[in-house]
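Novice: Fold the following.
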Amino acid sequence: MSTTDRSQTAVAGNVATDTWHVLVRELKPVVRDPFTLIFSLVQPLVFLGLFAPLLVGQSGASTGETLQWFVPGVLVMIVLFGTGATGSNLQYEMMTGSHERTLVAPLARSSLLVGRALKEIAPIIAQSLIIVAIAWPFGFAPHLAGMAVGLVLLAVFGVGLGSLSYALALATKDREWLFWGVQQTLIFPLLILSGMLLPLDAAPGWMRAVAALNPINWVVQAERALFAGQLGEPAVLWGLVSASALAAVGLWVGIRGIRRSN
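Specialist: Predicted coordinates for the structure are as follows:
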């Protein structure tokens, strides 16, 4: 092995180790205060408890059939609202000076972003399992293999969305109002145009056309197919492609932003 090859291997190893250290650091507050995860489920549970019965009444389907359609959308909603706002934590660190101290630490800049983004996987999996457990007694019967793949898909989607949220925090820096302004402006159109709450079959043509370009829409459709055990559906492939593309773009933008951070 040449000196250059050994140098590149050492750098890759350092990045992986640094990413692991950042990941562990970010997970410690979650482990010390797990009730934060439970409290953040209030909004999804409200939608599940109040919105699902309305769908049952309108569609005429059974509660189990309605939950089979609605619960996967709620899981995507958890990721959308949770990871979409996680950049506010980084913004708080920048405002208090904590972020500056991490920048001068002997860590690879990319690991500061990747470690934070990977941290989002643990809350996503935990919260999703809680929602599934709550809905199960009411007739929700997920396909177990499909659910496992669906959780992986949610994790990939969450890493991408979380990375974009961190990138937005880096771009807005100490302007908290701008972070929340952009976040709120984007999140609700993305939610409505994803079909996670209401089906888009009867929507106007222009809305269906825009929804077809919304990657979250494909993630929602993939989750519904996976939880129903339809692993061979084209929607699953499109959902995996959309989530993977979002993760790649999010990590690229986030790493680029943190390398330029000062």
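Novice: buried ones in stretch 209-225?
Specialist: 210-211, 214-225 (16 or more other CB atoms under 10 Å). Yep, even glycine has a C-beta here, placed from its N, CA and C like the rest.
Novice: With stretch 231-248 instead?
Specialist: E233, A235, V236, W238, G239, L240, S242, A243, S244, L246, A247.
Novice: which residues touch that stretch?
Specialist: Residues from elsewhere that reach stretch 231-248 (CB atoms under 8 Å, 6 or more residues apart in numbering): 145-146, 149, 153, 156-157, 159-161, 163-164, 215-216, 218-226, 230.
Novice: thinking again about what came up before, please tabulate the buried residues of stretch 209-225 in CSV and include secondary structure as additional columns.
Specialist: As requested, those are arranged in CSV below (DSSP: H, G, I helix; E, B strand; the rest coil):
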residue, secondary structure
V210, helix
A211, helix
N214, coil
P215, helix
I216, helix
N217, helix
W218, helix
V219, helix
V220, helix
Q221, helix
A222, helix
E223, helix
R224, helix
A225, helix
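Novice: which one of these sits closest to P72?
Specialist: Closest approach to P72 among the buried residues of stretch 209-225 (CB to CB): E223, at 3.7 Å.
Novice: Chain neighbours aside, what residue packs nearest to that closest one?
Specialist: Residue nearest to E223 in three dimensions, not counting chain neighbours: P72, with 3.7 Å by CB to CB, 6 or more residues apart in numbering.
Novice: Need the CA coordinates for stretch 55-72. PDB is fine.
Specialist: What follows is stretch 55-72, C-alpha atoms only, in PDB (Å, rounded to 0.1, in the frame of the first residue of the first chain):
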ATOM      1  CA  LEU A  55     -61.900   9.500   7.600                       C
ATOM      2  CA  VAL A  56     -63.900   6.400   8.800                       C
ATOM      3  CA  GLY A  57     -67.100   8.400   8.600                       C
ATOM      4  CA  GLN A  58     -66.400   9.900   5.200                       C
ATOM      5  CA  SER A  59     -65.100   6.800   3.500                       C
ATOM      6  CA  GLY A  60     -67.400   4.200   5.000                       C
ATOM      7  CA  ALA A  61     -64.500   1.800   5.500                       C
ATOM      8  CA  SER A  62     -63.800   0.000   8.700                       C
ATOM      9  CA  THR A  63     -61.500   1.400  11.400                       C
ATOM     10  CA  GLY A  64     -58.800  -1.200  10.600                       C
ATOM     11  CA  GLU A  65     -58.900  -0.300   6.800                       C
ATOM     12  CA  THR A  66     -58.700   3.400   7.600                       C
ATOM     13  CA  LEU A  67     -55.800   3.000  10.000                       C
ATOM     14  CA  GLN A  68     -54.000   0.800   7.400                       C
ATOM     15  CA  TRP A  69     -54.100   3.800   5.100                       C
ATOM     16  CA  PHE A  70     -53.700   6.600   7.700                       C
ATOM     17  CA  VAL A  71     -51.000   5.300  10.100                       C
ATOM     18  CA  PRO A  72     -48.200   5.200   7.600                       C
END
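Novice: Quick one: mean pLDDT for that stretch?
Specialist: For stretch 55-72, mean pLDDT is 84.
Novice: how about that stretch: buried residues?
Specialist: By neighbour count with 16+ other CB under 10 Å, stretch 55-72 contains the buried residues L55, V56, T63, T66, L67, Q68, W69, F70, V71, P72.
Novice: Taking those residues together, which two end up most distant?
Specialist: Of all pairs in the buried residues of stretch 55-72, the most separated under CB to CB is V56 and P72 at 16.3 Å.
Novice: What is the nearest of the buried residues of stretch 209-225 to L129?
Specialist: Among the buried residues of stretch 209-225, and counting by CB to CB, the member closest to L129 is E223, at 14.1 Å.
Novice: which stretches of the stretch 1-150 of the chain have low pLDDT?
Specialist: 1-13 (pLDDT under 70).
Novice: how does it look with 80?
Specialist: Where the stretch 1-150 of the chain drops to pLDDT under 80, the residues are 1-13, 30-40, 57-61, 97-100, 104-105.
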